[in-house]
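**Q** Please find the sequence and the predicted model below.
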Amino acid sequence: MYLIANDTPFVRYISLNNYAKEHDIPYTKVKRAADNQLLKTAVKANNGRWNIDADVETAFK
């Protein structure tokens with residue numbers, strides 16, 4: 001059993017590729033920004049793939 005507080009924020013992490021498609025941005029531009037640590041919510045998983053909080057990084061262009 002898990003207890004989750006009502007005020008716990010929901011985070012929707014998606015791949016950089018899906019983020020690029022949702023915002024009509026070239027994948028290479030998003031990947032370069034993640035590699036250069038310009039995206040504050042981008043995290044790199046152990047398998048080498050990047051994920052990003054889709055709701056926070058909405059201003060990236």
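**A** It's in.
**Q** buried sites along the helix ranked longest in the chain?
**A** Of all the elements of type helix in the chain, the one with the most residues (DSSP state H) is helix 27-35. Within helix 27-35, the residues that qualify as buried are 30-31, 33-34, counting by 16 or more other C-beta atoms under 10 Å. Bear in mind the C-beta positions are built from the backbone N, C-alpha and C, glycine included.
**Q** repeat for stretch 13-20
**A** Neighbour-count burial for stretch 13-20 flags 13-16, 19-20 (criterion: 16+ other C-beta under 10 Å).
**Q** could these be laid out in TSV, adding pLDDT, distance to Asp55 and secondary structure?
**A** Written out in TSV, the entries for these read as follows (pLDDT from 0 to 100; distance: C-beta to C-beta, whole Å; DSSP: H, G, I helix; E, B strand; the rest coil):
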residue	pLDDT	distance to Asp55	secondary structure
Tyr13	84	10	strand
Ile14	89	10	strand
Ser15	92	15	strand
Leu16	91	15	helix
Tyr19	89	11	helix
Ala20	90	16	helix
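**Q** Assign the closest residue to Tyr19 other than its chain neighbours to helix, strand or coil.
**A** Nearest residue to Tyr19 in three dimensions, chain neighbours excluded: Ile52, at 5.2 Å (C-beta to C-beta, 6 or more residues apart in numbering). When the structure is reduced to helix, strand and coil (DSSP: H, G, I helix; E, B strand; the rest coil), Ile52 reads as strand.
**Q** Assess the claim that Ile14 and Trp50 are in contact.
**A** No - under the contact definition of C-beta atoms under 8 Å, Ile14 does not touch Trp50, with a separation of 10.0 Å.
**Q** quick one on the thing from earlier: and the buried residues of stretch 13-20, which two are the farthest apart?
**A** Tyr13 and Ala20 (14.5 Å; C-beta to C-beta).
**Q** and Asp55, how many neighbours does it have?
**A** Neighbour count for Asp55, taken as other C-beta atoms under 10 Å: 13.
**Q** Please name the nearest non-neighbouring residue to it.
**A** Using C-beta to C-beta, 6+ apart, the nearest residue to Asp55 is Arg12, at 5.7 Å.
**Q** So that neighbour is in contact with Ile52, correct?
**A** No - under the criterion of C-beta under 8 Å, Arg12 makes no contact with Ile52, lying 9.5 Å away.
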